[in-house]
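In: Just a sequence and a predicted model for now, questions to come.
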Amino acid sequence: LKGEALESPSLLRVREYCCCSGFEAVRCASCRLSCEGARELVGTVVACGLALTALDISANDLGPHGAESLVRLLSCRACPLRHLVADDNALGDAGIAAIACAALASETLTHLSLKKNHAAATAGSALGRMLKGNTSLVELDLSGNDIHGAGASELAEGLVTNRSLISLNLSRNSFGGSKVMPA
């Protein structure tokens, strides 16, 4: 599905195929998926009961409302998602915060990439809470966002207590001169 525009009829064909197969990974990066397209795709995965373990939905146009579909996928107990790559989707501060809340409850998610999504202070706070409670995540990429101030501090506090994370990318964020680590 990579690089193709997914119109509703195409998604219907994908749905037919998905319901008849047992594949575990979907890569639909740069497919010009909108919020509605993401909703259709996740709806297909959930309706067909696919045991999806990996989703790359990068470089689409999901926006903050598209994050709701990713939250639904992360919250689906029948879907043991381990890898979620949702880079460059303009998910925004609220969208990233919602994904972080869903990832907190996930027992299977090991890799989460949310590069270049306009995450800021609110997302940083939610990600910090996620890191405090999540025990399965080993890799987190938040590069190219705008996490700063109190959000950066809460993210750092979450890192202090997290024992599962082994790889963290925070490059190209706006920590600036703000105090990041708690005293």
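Out: Arrived safely.
In: and the closest residue to His65 other than its chain neighbours, what is it in contact with?
Out: Spatial nearest neighbour of His65, chain neighbours left out: Cys35 (4.5 Å); criterion: C-beta to C-beta, 6 or more residues apart in numbering. The way it works is simple: take the backbone N, C-alpha and C, and place the C-beta from them, glycine included. For Cys35, the contact set (C-beta atoms under 8 Å, 6 or more residues apart in numbering) comprises 61-63, 65-66, 68-69.
In: let's go with 10 Å and repeat that
Out: The contact partners of Cys35, taken as C-beta atoms under 10 Å, 6 or more residues apart in numbering, are 60-69, 89.
In: Could you do Gly22 as well?
Out: 48-51.
In: switch to 8 Å and redo it
Out: With C-beta under 8 Å, 6+ apart, Gly22 has these contacts: 50-51.
In: hang on, it is in a strand, isn't it?
Out: No: read with DSSP: H, G, I helix; E, B strand; the rest coil, Gly22 is coil and lies in no strand.
In: ok, now how distant is it from Ser143?
Out: 34 Å (C-beta to C-beta, to the nearest Å).
In: Surely Cys76 and Cys48 touch.
Out: No: contact criterion C-beta atoms under 8 Å: Cys76 and Cys48 do not qualify, at 11.5 Å.
In: Find the residue ranges of the chain scoring beneath the pLDDT cut-off.
Out: Flagging of the chain using pLDDT under 70 yields the residue ranges 1-21, 176-183.
In: quick one: the helices in it?
Out: Assigned by DSSP state H, the helices in the chain fall at 8-20, 35-48, 63-75, 92-105, 121-133, 149-161.
In: JSON lines for those helices, including distance to Asn173?
Out: Compiled in JSON lines, the helices of the chain are given as follows (distance: least, C-beta to C-beta, whole Å):
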{"stretch": "helix 8-20", "distance to Asn173": "34"}
{"stretch": "helix 35-48", "distance to Asn173": "25"}
{"stretch": "helix 63-75", "distance to Asn173": "19"}
{"stretch": "helix 92-105", "distance to Asn173": "12"}
{"stretch": "helix 121-133", "distance to Asn173": "9"}
{"stretch": "helix 149-161", "distance to Asn173": "7"}
